[in-house]
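[1] Quick one, fold the following:
(chains A and B)
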Amino acid sequence: MKLTVVTPEKMILDSVVIQELLVPGIKGEMGILPGHAPLVSTLGSGLLKYRLSEEKEFGEIAVSWGYCEVQADKVVVLAESAETKAALDEQKVRKTLEGILGELENAQLSPEEIRKLRQEEQKQRTFLSLIRK
Amino acid sequence: MSGLKKIRTRISSVKNTEQITQAMKMVAAAKLRKAQERILNLRPYAENILSVMADVALSCNISHPLLMRKDKMQKVLLVVLTSDRGLCGGFNNNICRFAEDFYRSHDEYDLDFFFIGKKAKNYFQFRGVSPVDEMFQLDREISYPLAGKVAHQLMKNFSDGDYDGIYFVYNSFQSAISQKVVKEVFLPVDLSVAPLVRQEGFSKDLIFEVPPEELLEDLIEKHFTVQVYRCMCESVAAEYGARMSAMENATKNAQDIISNLTLTFNKMRQSSITTELIEVSSGAEAMKS
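    Below you'll find the predicted structure:
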């Protein structure tokens, strides 16, 4: 089974052969093994875990929002944002998170803006959970 | 002597210009590399989103406001992408002229403009056309979230019925030295290309975690955002490419001028030396006799 993870700004994984995959679906985590039925789903914010063919350890990527399509022998993950642990800087993430929380205290926000900020908050929290691993 | 001095100052001033154009060329080349990378990074995402959309579209039939094609195009929004700064050859001129031609030759449309970049604004200001919206500093602030904001605004305008069609006019990036002005219809979204992408190896019984209609709506919006981001990336890359070749030509011209001037300078110096020698020797000759 081949896994591809792309975002509009970069390509994280390109057709990597994997044995097992866990994706953060919008309705909860989904496990995908080779031979899975074709499926399309929306992604939430969380950790995507994949296990390479020969290995026991899971590789992890923090993904937020997007889609996941499972085809006969490949999985394509289209994420709004995806970062590996190496690319994240804890202080920067904390600062962004504080900024968002500060903005949320502002009373004059439209429901749409609040929804966007909440999404952003969740994304940063996902980053933090990956950093702390 | 005064002629010689003039040439000397001229040479040094041309040399300064050459240094500046050389530096601008280097800067543009470095930025071009970054911009090119951006396009390459986007490509897999754009292709994949199109194929996912095709899969979903094949398994269900939906209508969406962004897909609705009106029988008669009345109100059209033209989004024109230029740069903020000049010194990049025909980059801005080509695109402005194209947009103006389109404006003059399509009387049947009720045309509105959205300018991205200062140059288009300045060009059309002289012609008495003012935009409904404008945006500057694209080359510095370009990012996917920014494209998302623009796309969101355009989609809202379109679904509210403000426009029957949204066209983009931009320089598409062919290679570092060539750009092509293109006009593309971005809204309504044309899904007819999608099924062509996927013909074999496709299973019709997809499992959907969310209702396919919702999913497709979402995908269409994403697809549009990606398109907006792509043409922004192309325009920025094309701008740097155009600037790089313009500055390279300028540097070459400066070098030509310098070598010509140096030649004249040497000739003049030689002739003045010769005159002086003749004066001295003829003076000595006169003393003898």
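
[2] which residues in chain A form helices?
    A:90-105, A:111-131 (DSSP state H).

[3] same question but for chain B, I mixed them up
    Here chain B has its helices, by DSSP H, at B:2-59, B:91-105, B:118-125, B:138-141, B:144-159, B:194-197, B:212-288.

[4] picking up where we left off before, please identify the most buried of the helices of chain A.
    Comparing those by mean neighbour count (mean count of other C-beta atoms under 10 Å in any protein chain shown), helix A:111-131 ranks first with a mean of 16. (C-beta placed from N, C-alpha, C; glycine too.)

[5] C-alpha coordinates for that one, CSV please?
    Included here for helix A:111-131 are C-alpha records, laid out as CSV according to Å, rounded to 0.1, in the frame of the first residue of the first chain:
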residue,chain,number,x,y,z
PRO,A,111,-19.5,33.3,14.7
GLU,A,112,-17.6,32.6,11.4
GLU,A,113,-14.4,34.2,12.8
ILE,A,114,-14.7,32.3,16.1
ARG,A,115,-15.1,29.0,14.1
LYS,A,116,-11.9,29.8,12.1
LEU,A,117,-9.9,30.7,15.3
ARG,A,118,-11.1,27.5,17.0
GLN,A,119,-9.9,25.5,14.0
GLU,A,120,-6.6,27.3,14.1
GLU,A,121,-6.3,26.6,17.9
GLN,A,122,-6.9,22.9,17.4
LYS,A,123,-4.2,22.8,14.7
GLN,A,124,-1.7,24.4,17.0
ARG,A,125,-2.6,22.0,19.8
THR,A,126,-2.1,19.1,17.4
PHE,A,127,1.4,20.5,16.7
LEU,A,128,2.1,20.7,20.5
SER,A,129,0.9,17.1,21.0
LEU,A,130,3.4,16.0,18.4
ILE,A,131,6.2,18.0,19.9
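
[6] what comes up buried for stretch B:107-126?
    B:109, B:111-121, B:123-124 (16 or more other C-beta atoms under 10 Å in any protein chain shown).

[7] so how far is it from its chain's centroid?
    16 Å (C-alpha atoms, centre = their mean, to the nearest Å).

[8] ditto for stretch B:30-41
    The answer for stretch B:30-41 is 13 Å, by C-alpha atoms, centre = their mean.

[9] How about it, which residues are buried there?
    Those would be B:Lys31, B:Leu32, B:Ala35, B:Gln36, B:Arg38, B:Asn41, for stretch B:30-41 by 16+ other C-beta under 10 Å.

[10] Which one of the residues you listed is nearest to A:Leu39?
    B:Asn41 (26.4 Å; C-beta to C-beta).

[11] Give me the nearest residue to the closest one, chain neighbours excluded.
    Using C-beta to C-beta, 6 or more residues apart in numbering or on different chains and skipping the chain neighbours, the partner closest in space to B:Asn41 is A:Lys10 (4.8 Å).

[12] hey, where'd the strands end up in chain A?
    A:2-6, A:11-25, A:28-32, A:39-52, A:59-71, A:74-84 (DSSP state E).

[13] Of the helices of chain A, which is nearest B:Asp162?
    Among these, helix A:111-131 sits nearest to B:Asp162 (C-beta to C-beta), with 19.1 Å.

[14] Tell me how many other residues surround residue 15.
    If you meant another chain, say so; for now it's chain A. Applying other C-beta atoms under 10 Å in any protein chain shown, we find 10 residues neighbouring A:Ser15.

[15] Not quite, go with chain B.
    15.

[16] Against chain A, how distant is it?
    42 Å (C-beta to the nearest C-beta, to the nearest Å).

[17] do the same with B:Asp190
    To chain A, B:Asp190 is 20 Å away according to C-beta to the nearest C-beta.

[18] Contact distance from chain B - what residues of chain A qualify?
    Residues of chain A lying near chain B by C-beta under 8 Å from any C-beta of the partner chain: A:4, A:6-11, A:14, A:25-27, A:37-42, A:67, A:69, A:71-72, A:76, A:78.

[19] got a list of contacts for stretch B:94-109?
    With C-beta atoms under 8 Å, 6 or more residues apart in numbering or on different chains as the test, stretch B:94-109 has contacts from B:73-76, B:78, B:80-82, B:111, B:113, B:119-120, B:123-124, B:127, B:129, B:169-171, B:179, B:181, B:183.
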